[in-house]
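Novice: Dropping the sequence and predicted coords here.
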Amino acid sequence: MAEDVIHFTHVRFGDQEVARDKVIHFPDGIPGFEAYKVYALFDDPDSEPFQWLLSTDNPRLGFVVVNPLFVWADYDPKISRDDLKTLEVEKPEDILLFCIVTLADDPAHVTVNLSGPLVVNSVKHKARQLALLDDRYVTKHKILDAIQKA
């Protein structure tokens with residue numbers, strides 16, 4: 001059914017057709033990119049466990065993201081009740097977590113922003129990026145260090 005998908009173009013992936021359940025709305029935008037509020041979660045088999053969060057409005061905007069629990073099993077961000085209310089979360093199992101990855105030519109320098117997780121209500125397809133006030137997490141956790149410790 002045509003209404004179950006959206007179409008958009010991205011410079012890296014060309015013309016795309018994505019199921020509506022992979023579309024995520026950021027009512028406040030992502031900090032630094034507030035003008036762009038609708039993104040598609042895009043799976044690229046060559047990039048697993050990483051995924052792409054691609055703007056459906058700006059063909060040049062996209063983020064590499066990862067579920068932080070794949071790398072840091074003990075990741076436990078404190079999400080406020082206000083954030084959960086804003087996202088209309090009714091059950092904890094409706095929450096998806098992603099963190100933005102900063103790529104580098106040298107894999108040893110690839111980092112993940114654990115202090116600014118993307119919290120997604122998987123039922124309402126609504127999300128926001130949090131700014132955690134938690135000394136355990138910084139903006140540049142080296143992913144290779146974490147994998148080597150596992």
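Specialist: Cool, got the structure.

Novice: And the contacts of stretch 14-26?
Specialist: The contact list for stretch 14-26, computed with Cβ atoms under 8 Å, 6 or more residues apart in numbering, reads 3-10, 36-42, 53-54, 56, 120, 125-129. Where C-beta positions appear, they are placed from N, C-alpha and C, glycine not excepted.

Novice: and D46, how many neighbours?
Specialist: 5 (other Cβ atoms under 10 Å).

Novice: sec struct for it, please.
Specialist: Following DSSP: H, G, I helix; E, B strand; the rest coil, the label given to D46 is helix.

Novice: For my notes, confirm D82 occurs in a helix.
Specialist: Yes. Counting by three-state DSSP, D82 falls inside a helix.

Novice: what residues are up against it?
Specialist: So D82 contacts nothing (Cβ under 8 Å, 6+ apart).

Novice: Kindly report the same for K37.
Specialist: 25-29, 57.

Novice: ok, and the most crowded of those residues?
Specialist: Result: F26 is most packed of the contacts of K37 (other Cβ under 10 Å), 21 neighbours.

Novice: Tell me the backbone dihedrals of it, please.
Specialist: Main-chain dihedrals, F26, degrees, to the nearest 10: phi -110, psi 90.

Novice: sorry, back to before: right, and the pair among the contacts of K37 with maximum separation?
Specialist: The largest separation in those, counting by Cβ to Cβ, is between D28 and D57 at 15.0 Å.

Novice: For this structure, just list every one of the helices.
Specialist: Along the chain, counting by DSSP state H, helices occupy 81-86, 143-149.

Novice: so where is the protein shaky, pLDDT-wise?
Specialist: 1-2, 148-150 (pLDDT under 70).

Novice: I'd like to check which residues are in contact with the residue sitting nearest the centre point of the chain.
Specialist: For the chain, the residue nearest the mean C-alpha position is F98 (4.0 Å; Cα atoms, centre = their mean). Contacts for F98 (Cβ under 8 Å, 6+ apart) come out as 51, 53, 65-68, 117-118, 120.
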